[in-house]
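> Test case, fold it:
(one chain, ligands or ions: 1)
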Amino acid sequence: MAALKKRPNPRKAGASSNGNGAAVCPRCGKPLGAGCKHCGYRLTPEQERKEILATALLVYADKGAPNTLRAIAKRVPFPTDHKRVGRILKPAIASGVLPQLETSTTRNGKQWNNKPRAKNKKDFIGVKALQGITAPKNWARMYELRTGDALGELRKIKNGSVNAFCTSPPYWWCRKYKGLPGQYGLEATIEKHVDRLQKVFAVAHKKATADGVAWLVLGDQRGGSNTPRTDKTKTKVLCRIPNKIIDALEGVGWYCMSEITWCKTNPCSQSVKSRPTDATEKIFMLAKSPGNHYFGYKALKEICKTTPSPTDCHSSARRKEKNNKLNGDTYPPRNWGDTRNTWDWWEIAINPVINVKHTAKMPIELARRLVLGSCPKGGLIVDMFGGAHTIGMLAVLLNRKYIGIEIAEVFNKRAEKQFRTNFEG
Ligand SMILES: C[S@@+](CC[C@H](N)C(=O)[O-])C[C@H]1O[C@@H](n2cnc3c(N)ncnc32)[C@H](O)[C@@H]1O
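Predicted structure coming up:
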């Protein structure tokens, strides 16, 4: 029997380039992937480091292109990702050998990917409807940021004292916020996720005033590589979690008053061809005692931009139409009602957002509507999944008290700083 040839250790060989900057295998001369798929050769860590540094220098020299970790990772001549590139470039950037990279949102110091962020007090007002509004003088006494678990901290609040809960719980397997134990959204099954939220809202029900309401922004999830595999999560299939959550909350005493569709005017792009792009999320308005609950009808009134159709069955439209005819006005009437009750679909862009570092901030305009719709001035709003505390900042600005609960202390510290930046002086 012929003796088996011992394969040379590929990590010991040296890589070279084909003159165009692309790495070629030094053994067989073919283009080099993560390793050479032709003869099994792999780059040594040192060679990998050199290739990445060389690519970074090329990217720095290309003034017109973004120089982010992702941009460098794309140009490295073998498959790699931005995290690996970051780990390799970090020491060189920290020691000043390489200049700072742009962040994904800035290019040459300017915003470039259409995600404006509020930077100071003026920018925080970035929403037209908030222009000219200043926070009350006693703003510092109007909010409290608590670090801890939503359920535990909620239990400490006095029964019957909360006018409104405005919150956006972590979506199921969407993000790992700081990877803290006890974090919501990382349950093994959808049922467990729904159960945990049900427990939180059962306690919230006790804490709510008789006219109390809860506004929830809920996103869905699709089965796939980023969710646990269960027989109910088929790949790419929508899990329909928001409606399951609301069914569960009805079981603990809440009544669903409205299901609003948030139509994102600039949703994130998705490379899908088998279904429409996801461009909406759900906002639910729940009441403790329907009919007796608060709704900021006047504050949420919106300008009517449509002309009633001649067949419109709305009586006031018909009356106005008739009056117009009698008065000799033009027909059909334009802008017949200046304002009307808000409709149950809201067109809101996903920015601007407040200037606190967090991966899942809600748009300022959305938080503004939730705050105005949920309780009158002087009322108490609680967000038990505070995050960057967008709701809190809008609550204080619009003269409501706020208690924000958040499991990650770092988010509370960042938000605390931003509260002072926005409202001090
Ligand atoms: C979707 S984000 C909220 C974003 C927020 N609406 C904003 O505009 O910034 C959900 C937040 O819930 C927090 N969270 C997760 N599990 C929690 C728990 N057990 N108790 C309290 N907060 C929790 C996460 O850390 C995350 O910041």
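> Residue 276 sits in which helix or strand?
For residue 276, there is no helix or strand it lies in under DSSP states H and E.
> How about stretch 379-387 and the ligand, touching?
Yes - for stretch 379-387, a contact with the ligand is found by Cβ under 6 Å from any ligand atom, at 385, 387. Bear in mind the C-beta positions are built from the backbone N, C-alpha and C, glycine included.
> Name the nearest residue to whatever residue of the chain ends up closest to the ligand, sequence neighbours excluded.
Proximity of the chain to the ligand (Cβ to the nearest ligand atom) peaks at residue 387, 2.6 Å away. Closest residue to residue 387 apart from its sequence neighbours, by Cβ to Cβ, 6 or more residues apart in numbering: residue 358 at 5.3 Å.
> So for the one you found, what pLDDT did the model give?
For residue 358, the model assigns a pLDDT of 91.
> so how many other residues sit close to it?
19 (other Cβ atoms under 10 Å).
> Could you do residue 419 as well?
So residue 419, with other Cβ under 10 Å, has 24 neighbours.
> Could you do residue 139 as well?
18.
> any idea how far it is from residue 132?
17 Å (Cβ to Cβ, to the nearest Å).
> I'd like to know how far residue 421 sits from residue 130.
16 Å.
> Please apply the same query to residue 379.
Taken as Cβ to Cβ, the span from residue 379 to residue 130 is 19 Å.
> Now residue 197: which helix or strand?
helix 190-207.
> helices or strands up against that helix?
helix 150-155, strand 162-167, helix 241-250 (3 or more Cβ pairs under 8 Å, 6 or more residues apart in numbering; DSSP states H and E).
> go with 10 Å
helix 150-155, strand 162-167, strand 208-218, helix 241-250, strand 280-287, strand 380-383 (3 or more Cβ pairs under 10 Å, 6 or more residues apart in numbering; DSSP states H and E).
> any chance of these in JSON lines, plus mean pLDDT, mean neighbour count and distance to residue 173?
Listed next are the helices and strands packed on helix 190-207 as JSON lines, based on pLDDT from 0 to 100; neighbours: other Cβ atoms under 10 Å; distance: least, Cβ to Cβ, whole Å:
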{"stretch": "helix 150-155", "mean pLDDT": "98", "mean neighbour count": "19", "distance to residue 173": "18"}
{"stretch": "strand 162-167", "mean pLDDT": "98", "mean neighbour count": "27", "distance to residue 173": "19"}
{"stretch": "strand 208-218", "mean pLDDT": "98", "mean neighbour count": "23", "distance to residue 173": "14"}
{"stretch": "helix 241-250", "mean pLDDT": "97", "mean neighbour count": "18", "distance to residue 173": "10"}
{"stretch": "strand 280-287", "mean pLDDT": "97", "mean neighbour count": "21", "distance to residue 173": "16"}
{"stretch": "strand 380-383", "mean pLDDT": "98", "mean neighbour count": "27", "distance to residue 173": "22"}
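> will you turn those into JSON lines that also has distance to residue 406?
Shown next, in JSON lines, are the helices and strands packed on helix 190-207 (distance: least, Cβ to Cβ, whole Å):
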{"stretch": "helix 150-155", "distance to residue 406": "9"}
{"stretch": "strand 162-167", "distance to residue 406": "11"}
{"stretch": "strand 208-218", "distance to residue 406": "16"}
{"stretch": "helix 241-250", "distance to residue 406": "20"}
{"stretch": "strand 280-287", "distance to residue 406": "21"}
{"stretch": "strand 380-383", "distance to residue 406": "8"}
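> Could you name the stretch from these that's closest to residue 45?
The closest of the helices and strands packed on helix 190-207 to residue 45 is helix 241-250. By Cβ to Cβ, the value is 42.4 Å.
> Just checking the closest one against the ligand, any contact.
No - Helix 241-250 is not in contact with the ligand by Cβ under 6 Å from any ligand atom; minimum separation 13.4 Å.
> what angle separates that helix from strand 208-218?
170 degrees (axes from the mean of the first three to the mean of the last three Cα atoms, to 10 degrees).
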